[in-house]
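Student: pasting the structure only:
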C-alpha cells in the first residue's frame, strides 16, 4: 500500500488532483470544449493546465497570475478563431464562384449578379467576424455567412423535357430543384449521439475544412473504428453524414420551359393590329373623303429601271441610246443642242425606256421619239423625267410633228406614257417661224402627268385614249409663251396675260386633249380623264384666236376629278361637250373644285342621253359665256342631270358685267334635271347685271332648287320668300353667296357605349386650323390628326372589334344620313357641314390605351413562395377576354385566371379571404394577387436492401403534402433484421430530417417524378456498433470515472465496477435479442444517456466524498492501532 502523509493526508491529494471537484468539473477547459464544439476551426487555441486541488475555490480567491494567463489564452483563441474564420470564408467563396463560373446554363449577366452577391456576403461577414469579441459571435457570423454564400448559387436551368404526349409553347410545369436543408431535423427527433461521441465530429483542422468544401455533395459514413464513440446506428449515420445543403447538379430542372424572371403575369393588351395602317392613313393627304381621287406618281418615275443605263451628252448619243432596245435608262448629263445628223429610229415595241434630263435642255429641232406599233406587244412604258424639250416645225398639222408619235389607230394600244416635270416649247434653231406643234400622239395609249408640266405649242398636248394627272401635279398648255403664269395658286378670276395676237402667226384651233375611242384591251380603254387630289389643269388659246373645239375633245367617256382641284380654260368652245361621248358618260368633280372659264365660245356644258354631272360640295365656278344663243347648261335629254351639292360660290353669266347679253335660253335649259341645294342665290335677267344691281334682281335662300324642262321648284329655308322668276328662260346671270356653316360636334364614345370627355365642336373659320375653309356640304374626313388629338386622355381611336358593339346599328344617327353613316363597323369616317342653322353630331368611338396590368398567384399556405403562372405573357386577346386597355374591366373570376393560367400543381382558392373580383383598368394599376392552394400530392418511397432487392416493410412510409409544402424526410420504417443505410432523393444522397419542397408530382411526366429511396443493410453491423458503444461507455465509466475518483475506496471501486459490468452485460444481451433499429437505438440510449434506465452504465458510478474518504482512512487507522 502506498505510504500516506498522515499528518496532512489531504495535501498530497490537492497537489496531484485536477479540477474535477463536483460542481466545478470542466471549469478551466470550458474554452477548449467550446472550441471543439465550434467545429474544430480553433484547435490551435486549445490548452490544458494541471491544477492543484488547493486552487479549488471561488474565482475571487484565484491568483492574479492565473487570471492574466487565462485572459491571454482567451485573447489568443479569439485572434486565431478570426483568422481561421476569414480563411474559411475565402475558401467557401472561391468554391461557390467556381461553380457559378462553370455553370454553362447561366447567362453572363446571371453569373455576374450571383458573384456580386457572394462578394457582398463575404465582405459583410468579415466585418462581423472582425468586430466580434467572443468565440460564440465569431461562430455565429461564420455559420450564417457560409450558409448564405452556398445558397447564393442558383444553378442555371437545363432545357426541360416536354410533358409526354403534349406539345406546349407555354410554361406547364415549373418546379424548383428540391432544396434539401440538412441542418433541419424534426423537432421531436432525438440526436442519437452521446455528449462525448458528438464531439468527435468537430475535431477538424482548417486544412480538412478546405477538403470538405470541395466535397459538398459527398455523403460521408464513418466506420465505428475510425473514431471512438462515432455515431452508432444507421439512422444517425444518415443524419450526421454531410451537413451542407444538397446540390442537385446532375438533375435537370423540373420544368418544361425556361424559368421566368418574374412571378408576375401581364394582362395582354388588345392586339391592335390595324393601328399601323390607321397611322399611315392619318399622314396621307389623299384618300380621306368620299370624293377623293388618288392618282399616284408612276413607279417608272419613282423607281426607274436602271438595269441598263447609258449617260449621254449629245443628240447623236441620245439617238444611239434610243435606237438600242437593250437600254432601259438614259441619263442626260448636259444641255443638248440640235444635230441634224442624229437619226431617231422607231424603237422596238416592248422595250420600255426612261429618259432623265436632270433639268437639262434638249433641242430636238425637227427630230422626235417614235415607237414601232405596240398593238401586239407587251405593255411598253415610255417615261420622260425632268427635261426641257424644244422642237421646231412649220405649219400646225401633221401627227408626226410631235415629241412622240405613232401613226396607226392601234399602234399605241399597249403604250403607257409617263411625263414628269417636262416642258415643251419652240426651237428657233431651224427658223423664227418654227414652233412646237403637238406633245404626244399615240392612239389607244394612256398618259400620266406628274410634277409640273408646261407645253407651249400650237396644237394638242396629247392625242390618245386616257389622261391622268397625278396628285399635286399640274399641266399648263398655252399657245404663246407666258400666256399663263407658273403659279397654280393664281386667283382664278384673273384672266390670262394678254399677248400679241399675231404671235405665233400659225396657230391651231384644236383643243388641249383629243380623245379617240380605245379598243378593248388597250391600256387607254375607257377613255377617261382623271385628276388626282390637289392637281390642276390650265389651258388657254391665243388671245383673239378662239378654238373651234372644247379643251377636252372627242370621246371623253368619263371624268373623275378629286378634291381641291383647279381647272382653268380660256378661249375654248365648251367645258364639257357630252354629245361626242357615250350617252351614259359620268362626270364627277370632288369637293372644293374650282373652275374658271373667262370666255366660253359655245354652250359651256352640254349633256345628252343619261349622262350625269355632279359637282360636290364647295364648288367655286365662274363661267362667262360670250354667246347668247345657247344656254350655259344644256340638258338636252330627259335622262340627263347636273347637280350642285352645297356650292360655295357660283357665277354663271352670258356675256360679262360690262357687256351683258340678253338671252331667251336662260342659264339652264333642256328636258333634263338641274339640282342645287343649300344655297343663297341672286339672279338677273335681260341686260341687268351684278354690277348694275349688286343686291340681285331676284334672290332667295333655299335647301333645294330643281329646274326640269324650264320649270323651277324651290324649297326655301324658313323666313325666305323666293320669287318664281328667280330662274327663267331670260335669266342671264346667276350668283350664289356663301352661307355661314352650321355646327359639327364630335362625341367620343368608349367601348362600353359611354361618352368620355366633352363634345368637341369643330372651330369652323378659325385660322391655322383644318377648318379655316369651312363651307356648307363639305365632307370633313374625321380620320384626321386634329380629331385624334382631341381624344380624351387614356383612349385611342377604336378599330374593328374595339368599336362599341352598338355602333353598327347606330349608323352615325346624328349626321346627315348620306355618306357619313360611318364605316362597316359604325366608326365615324366623314362629316358633312350643315347650313347655318343645322347641327350634326358624330360619334368617334374610342378604346382604352394599353396599360400595365399585372397579377400574381400566391399560395395561401406559403405566401413567401414565388409561383410562376403558366403564361407570363397574357393571351387574353386570343381568348376573347377583356384586355389591359384603359376603361376595360378585368374579370378575375374568369376561368382563364382561375383555371387556365393557375400555376401547375395549384388550384384557385375560392374561399380565400381578399380574393379579387374585378379591376377597372386605369393609368396606375397595382399588382393583383390571386390566392391559390397547392394540390394534394403523394410520393411513395421505394425500399431496397444492400443488394438493391426490394423490401416490403409492414408499415411503409408515404410522403403526403400539398404542392409547395416543405417536406421533412422521415425515418425509414422498421424492417426486421434490417438497418437503414442511406436515403436518396431523385438519386442524390440526403439525410433523414432534411427538407425539400413538394413538387407537383401528379403533373410531372414519369421521367421527372420525384423519387425517394430508402436503402437498408443487415442489422448485424448495427449490433456490432451498438455493442462497441456499450463497451466504450463501460470503459469510460470504469477506467476514467471510477478509477480516477481518489475519494473512492478500493472496495467501493470494486463494487461500482461490478455494477457497471452487470448493466453493460444486460444491455449487450438486450442488443443481441433486438430485431429492429429502434429497439437497438433505445437500448444504447438507455445504457449511455438515460439516467432513469436500469441499464444506465454511468449510473453504477457514485462519486466519492471527502467525508467517506476520511472515514476510510479513519477505519484504516483504527485497524492499524
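Tutor: Sure, I can see it. Since the structure is predicted, the reported quantities are computational estimates derived from the model, not experimental observations.
Student: only C-alpha atoms for contact and neighbour calcs from this point on.
Tutor: OK.
Student: outline the domain layout of the chain.
Tutor: What automatic domain parsing lists as the domains of the chain is 9-151, 289-583, 603-739, 743-848, 1021-1120.
Student: can you count the residues close to residue 1120?
Tutor: For residue 1120, the neighbour count with other C-alpha atoms under 10 Å is 7.
Student: for residue 1114, see how far away it is.
Tutor: With the distance defined as C-alpha to C-alpha, to the nearest Å, residue 1120 ends up 10 Å from residue 1114.
Student: same question for residue 977.
Tutor: 56 Å.
Student: higher neighbour count, these two?
Tutor: Taking other C-alpha under 10 Å, residue 977 and residue 1114 do not tie; residue 977 has more neighbours (15 against 12).
Student: can you check what pLDDT the model gives the more buried one?
Tutor: Per-residue confidence (pLDDT) for residue 977: 88.
Student: residue 125 now?
Tutor: What the model reports as pLDDT for residue 125 is 88.
Student: that one reaches residue 139, doesn't it?
Tutor: No: under the criterion of C-alpha atoms under 8 Å, residue 125 is not in contact with residue 139, lying 10.8 Å apart.
Student: any idea how far residue 899 lies from residue 1047?
Tutor: 79 Å.
Student: and what of residue 457?
Tutor: In terms of C-alpha to C-alpha, residue 457 sits 146 Å off from residue 1047.
Student: who's more crowded, those two?
Tutor: residue 457 (27 against 19).
Student: can you give me the strands in the stretch 851-1000 of the chain?
Tutor: 854-859, 889-891, 906-908, 918-920, 928-934, 936-939, 942-944, 959-962, 966-968, 978-985, 988-990, 995-997 (DSSP state E, counting those that start in this stretch).
Student: so for residue 597, which of these sits nearest?
Tutor: Judged by C-alpha to C-alpha, the one of these that comes nearest to residue 597 is strand 889-891, at 61.5 Å.
Student: and the closest one, which strands flank it?
Tutor: strand 918-920 (antiparallel) (DSSP bridges).
Student: can you lay out the strands of the stretch 851-1000 of the chain as a markdown table showing mean neighbour count?
Tutor: Output for the strands of the stretch 851-1000 of the chain, formatted as a markdown table (neighbours: other C-alpha atoms under 10 Å):
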| stretch | mean neighbour count |
| --- | --- |
| strand 854-859 | 22 |
| strand 889-891 | 18 |
| strand 906-908 | 21 |
| strand 918-920 | 15 |
| strand 928-934 | 22 |
| strand 936-939 | 18 |
| strand 942-944 | 20 |
| strand 959-962 | 17 |
| strand 966-968 | 19 |
| strand 978-985 | 24 |
| strand 988-990 | 23 |
| strand 995-997 | 21 |
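Student: want to throw those strands into TSV with distance to residue 112?
Tutor: Rendered in TSV, the data for the strands of the stretch 851-1000 of the chain read as follows (distance: least, C-alpha to C-alpha, whole Å):
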stretch	distance to residue 112
strand 854-859	28
strand 889-891	39
strand 906-908	33
strand 918-920	39
strand 928-934	32
strand 936-939	37
strand 942-944	41
strand 959-962	35
strand 966-968	30
strand 978-985	31
strand 988-990	28
strand 995-997	27
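Student: quick one, what contacts residue 548?
Tutor: 509, 510, 511, 572, 573 (C-alpha atoms under 8 Å, 6 or more residues apart in numbering).
Student: ok, 10 Å please
Tutor: Listed by C-alpha atoms under 10 Å, 6 or more residues apart in numbering, the contact set of residue 548 reads 508, 509, 510, 511, 571, 572, 573, 574, 601, 602.
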